[in-house]
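**Q** pasting the sequence and the predicted model now:
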Amino acid sequence: MMKHAILAFLLLLISGCQVQQENAEQTATPVASSTFSSAKKQTVTSQIVFVSTRDVNLGIFLMNTDGSNIRKLTDGNAANSEPIWSPDGQQITFVSDRDGNMEIYVMDVDGTHIRRLTDNKAKDSNPTWSPDGQQITFASDRDGNMEIYVMDLDGTHIRRLTNDAAWDSNPRYSPDGGTIAFWSNRDKNGEIYAMDADGSHVRRLTNDSANDSSPDWSPDGRKIAFSSERDGGYEIYVMDADGSDVQRLTNNDIWDTFPVWSPDGSQLIFTSDPRPVAEEIIPEIYVMNADGSNLRRISDDSMDGFFPSWQR
């Protein structure tokens, strides 16, 4: 039941909707088998932070890029998720309900010095850092529907960037800090948009009848990886920063989502589950080259892992 709840929770977030953990108690979409291979050992140049229920509750963990040396960063009975590295690799922002409501927090890379940044009765989620590490954008329904906001690193000077009757979420800064890619259903179905960092000049990047979500900029700012169900199931795609030249990277009868670029732009990590329909659903973390080749699993085959974020 817990694993099915996890998948329902993930699929709802793919659609751009932040939900409470109890709303994830739904029947999960079955997944089919595939032919993934385990990761080979590689030189560890950075670390990956991710979410797992291996200790029952949603917790945040750290591992080397080859999947070794897993250690837990959060404790307690709260649900902790959506970890994102700071640009200098020294801090991690995340979402937690430890104080009774979904708020945004930041902690040091070893899990210490946890600070609460938001304090609102609404749900705050989807935090991401500006490239200079001085601001954090996030999504919140504090004004009645899900919109995108920005705040200073200490949680002050909160400003609303989007103002639309639809839902806007999943913001991601471009490497130069001048543009924010985000998800929105303002044109009826979920698409990826971009806007200037001050909220102006909103433009639509994808245009498909299916849901496109989870944008992530390549380190050079030329590409955006994203997840889409345009070919029937959620797969990983990449497009130019202006929305052109869309290319499909994964091609499996399963769901692939939450793509994140490696610091050098040569690889992508993402969440997937290759197990046959009859088996227990356990989302895991995979890595592949930026062209979709050399696909392999880096998380533990017996434990779940999702929401990966690569240390810059």
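**A** That came in fine, so what should we check first?

**Q** could you use CA atoms for every contact and neighbour count after this?
**A** Fine.

**Q** check contacts around residue 147.
**A** Contact partners of residue 147, counting by C-alpha atoms under 8 Å, 6 or more residues apart in numbering, are 139, 140, 141, 160, 161, 162, 163, 164, 167, 168, 169.

**Q** take those and keep only those in strands.
**A** 139, 140, 160, 168, 169 (DSSP state E).

**Q** okay, those in JSON lines with pLDDT next?
**A** Below are the ones in strands among the contacts of residue 147 laid out as JSON lines (pLDDT from 0 to 100):
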{"residue": "139", "pLDDT": "98"}
{"residue": "140", "pLDDT": "97"}
{"residue": "160", "pLDDT": "97"}
{"residue": "168", "pLDDT": "97"}
{"residue": "169", "pLDDT": "97"}
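
**Q** now the buried members of the residues you listed.
**A** 139, 140, 160, 168, 169 (16 or more other C-alpha atoms under 10 Å).

**Q** list just the nearest of the residues you listed to residue 98.
**A** Among those, residue 140 lies closest to residue 98 (C-alpha to C-alpha), at 17.2 Å.

**Q** find the nearest non-adjacent residue to that closest one, please.
**A** Nearest non-adjacent residue to residue 140, counting by C-alpha to C-alpha, 6 or more residues apart in numbering: residue 124, 4.4 Å away.

**Q** residue 215 too?
**A** residue 226 (4.5 Å).

**Q** so what's the one you found up against?
**A** Per C-alpha under 8 Å, 6+ apart, neighbours of residue 226: 212, 213, 214, 215, 216, 236, 237, 238, 257, 258, 259.

**Q** can you report how many residues lie near the third one?
**A** By that I understand residue 214. Neighbours of residue 214 under the rule other C-alpha atoms under 10 Å: 27.

**Q** quick check, it in contact with residue 257.
**A** Yes. Contact criterion C-alpha atoms under 8 Å: residue 214 and residue 257 qualify, at 7.3 Å.

**Q** give me the number of residues near residue 306?
**A** 28.

**Q** so for it, what's the pLDDT?
**A** Among the per-residue scores, residue 306 shows a pLDDT of 89.

**Q** my guess is it contacts residue 271. True?
**A** Yes. Counting by C-alpha under 8 Å, residue 271 is a contact partner of residue 306 at 5.4 Å.

**Q** which residues do these two both contact?
**A** The overlap between the contact sets of residue 306 and residue 271 (C-alpha under 8 Å, 6+ apart) consists of 283, 284, 285.

**Q** buried only: go through those for me.
**A** 283, 284, 285.

**Q** would you confirm that the last one belongs to a helix?
**A** No. The secondary structure assignment for residue 285 gives strand rather than a helix, going by DSSP: H, G, I helix; E, B strand; the rest coil.

**Q** for it, which non-adjacent residue is spatially closest?
**A** residue 271 (4.7 Å).

**Q** mean confidence score for the helix or strand hosting that neighbour?
**A** Per DSSP states H and E, residue 271 falls inside strand 267-272. For strand 267-272, mean pLDDT is 95.

**Q** partners of it, with directions?
**A** When pairs are called by DSSP bridges, strand 267-272 turns out to pair with strand 256-261 (antiparallel), strand 284-289 (antiparallel).

**Q** who wins for proximity to residue 149 among those strands?
**A** So among the strands paired with strand 267-272, strand 256-261 is nearest, using C-alpha to C-alpha, at 20.9 Å.

**Q** just the CA atoms of the closest one, as PDB, please.
**A** Extracted in PDB, the C-alpha atoms of strand 256-261 (Å, rounded to 0.1, in the frame of the first residue of the first chain):
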ATOM      1  CA  ASP A 256      10.100   8.100 -16.300                       C
ATOM      2  CA  THR A 257      10.100  11.500 -14.700                       C
ATOM      3  CA  PHE A 258      11.800  14.300 -12.700                       C
ATOM      4  CA  PRO A 259      14.900  14.600 -15.000                       C
ATOM      5  CA  VAL A 260      17.900  16.500 -13.600                       C
ATOM      6  CA  TRP A 261      21.200  17.400 -15.400                       C
END
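
**Q** for the remainder of this discussion, apply numbering that starts at 24.
**A** With 24 as the first residue, the last one maps to strand 279-284.

**Q** what sits up against it?
**A** By C-alpha under 8 Å, 6+ apart, the residues outside strand 279-284 that reach it are 37, 237-242, 248-251, 257-259, 273, 290-296, 330-333.
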